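Asker: Prediction below, plus the sequence it came from.
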Amino acid sequence: MRFALLSRFAFATFLLASPLLASAAAKCERLIATGASNNPPYLWRDPQNPERLIGANADLLTRAAEAMGLQLEVLHSGDAQAALEEVRTGRIDILADAVLVADRLDELDFIHPPILQLQTLVWAPRNRTFGYRSREDLSGLRGMVLAGRSLGSQFDAFAAERLQLRPVQGLTRALQELVTGDADYLLHERFSVLSRAEPLGLMDDIEPLEPPVLSRSMHFAVSHDSACNSAWLRGQLALKMTEFRAAGLPRQLIEENLARWTAQQLQPAGTANE
């Protein structure tokens, strides 16, 4: 008798709780992601729908969501700092271009493996290069870095002590100054430079020097305050990223979107997103 009463009580409790369970599950049928809105070939605003982000990371996350049976929107929310704030507060579920840094671990769950390693290279004018094997070789030369960009606390400290780095507003301007001889080198990420130099017709005028001065991993990251953040979601994203990395899909999508972005920039004015 006691067992029967307990069983009826448990069943009644389940019935009362089931609408809440169903509601929680419904919240996770649809994910919203964002990222820096001007970061080709990884993410940029869709010329046909400026409220939407397109790019390699959007394509990769869309494939993961489809395989998981989830709907996904990748929305424009502003620059990198604005995108981070939207995800940090839980208003948006996923940051699609999160760089792994220790002070964000208490706000975001970083999905492993990463999308790729972001390589910051030394870019120099072609035919005016210099002996380079490590960051110490940059001492005494005129360098540039994009204004407001940190290369990580360790490298920033080294640069402040040993390098002559001038902040420049915008990658296009930095590349133009590099070619005209206003600086000896530029520090910037590999594919980001390629996305700007190709449409400007500068690829024959610059070259990257190896090895990279630093590498940092870029990940999908789920907000701690997202209603959809669950062990299942994180596990499935990790599984899909493992499969995608093994198949070489991130690099493939980056190359495809590099060509896609370049084609958009070469369209007549007013028909592509600048």
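Answerer: Thanks, I have the structure now.
Asker: tell me the contacts of L237?
Answerer: Shown in contact with L237 (C-beta atoms under 8 Å, 6 or more residues apart in numbering): 64, 68, 111, 220, 222. In short, each C-beta sits where N, CA and C put it, glycine included.
Asker: same thing but at 7 Å, please
Answerer: Contacts for L237 (C-beta atoms under 7 Å, 6 or more residues apart in numbering) come out as 64, 111, 220.
Asker: Tell me how far it lies from I32.
Answerer: Noted for L237: a distance of 14 Å to I32, by C-beta to C-beta, to the nearest Å.
Asker: what helix or strand does V145 sit in?
Answerer: strand 142-146 (DSSP states H and E).
Asker: Then S217?
Answerer: Judged by DSSP H and E, S217 forms part of strand 206-223.
Asker: Point out the other elements, helices or strands, that that strand touches.
Answerer: strand 94-99, strand 108-110, strand 116-125, helix 171-179, helix 231-247 (3 or more C-beta pairs under 7 Å, 6 or more residues apart in numbering; DSSP states H and E).
Asker: quick one, which of these is nearest to Y42?
Answerer: Y42 lies closest, by C-beta to C-beta, to one member of the helices and strands packed on strand 206-223: strand 94-99, at 5.4 Å.
Asker: Quick one: mean pLDDT for the closest one?
Answerer: Strand 94-99 shows a mean pLDDT of 97.
Asker: same thing with stretch 40-53?
Answerer: On average, stretch 40-53 scores 97.
Asker: Check the offset of that stretch from the chain's centre.
Answerer: 13 Å (C-alpha atoms, centre = their mean, to the nearest Å).
Asker: Can you name the residues in contact with that stretch?
Answerer: 34-38, 54-58, 74-76, 96-97, 191, 195, 254, 257-258, 261, 264, 272-273.
Asker: rewinding a little: what strands flank the strand holding S217, and is each parallel or antiparallel?
Answerer: Each strand paired with strand 206-223, and its direction, by DSSP bridges: strand 94-99 (antiparallel), strand 108-110 (antiparallel), strand 116-125 (antiparallel).
Asker: Buried residues in the last one, which are they?
Answerer: With burial defined by 16 or more other C-beta atoms under 10 Å, the residues of strand 116-125 counted as buried are 116, 118-125.
Asker: Only C-alpha atoms, please: export the host helix or strand of P50 in PDB.
Answerer: Using DSSP H and E, P50 maps to strand 49-54. The C-alpha trace of strand 49-54 is given here as PDB (Å, rounded to 0.1, in the frame of the first residue of the first chain):
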ATOM      1  CA  ASN A  49      20.500  40.700 -44.600                       C
ATOM      2  CA  PRO A  50      22.700  43.000 -42.400                       C
ATOM      3  CA  GLU A  51      21.200  41.700 -39.200                       C
ATOM      4  CA  ARG A  52      22.700  38.300 -40.000                       C
ATOM      5  CA  LEU A  53      26.300  37.200 -39.800                       C
ATOM      6  CA  ILE A  54      27.900  34.900 -42.400                       C
END
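Asker: tell me the angle that strand makes with strand 94-99.
Answerer: The directions of strand 49-54 and strand 94-99 differ by 60 degrees, with axes from the mean of the first three to the mean of the last three C-alpha atoms, to 10 degrees as the criterion.
Asker: List the buried residues for strand 49-54?
Answerer: For strand 49-54, a neighbour-count test (16+ other C-beta under 10 Å) marks 53-54 as buried.
Asker: any idea which helix or strand comes after it?
Answerer: Past strand 49-54, the next helix or strand by DSSP H and E is helix 56-68.
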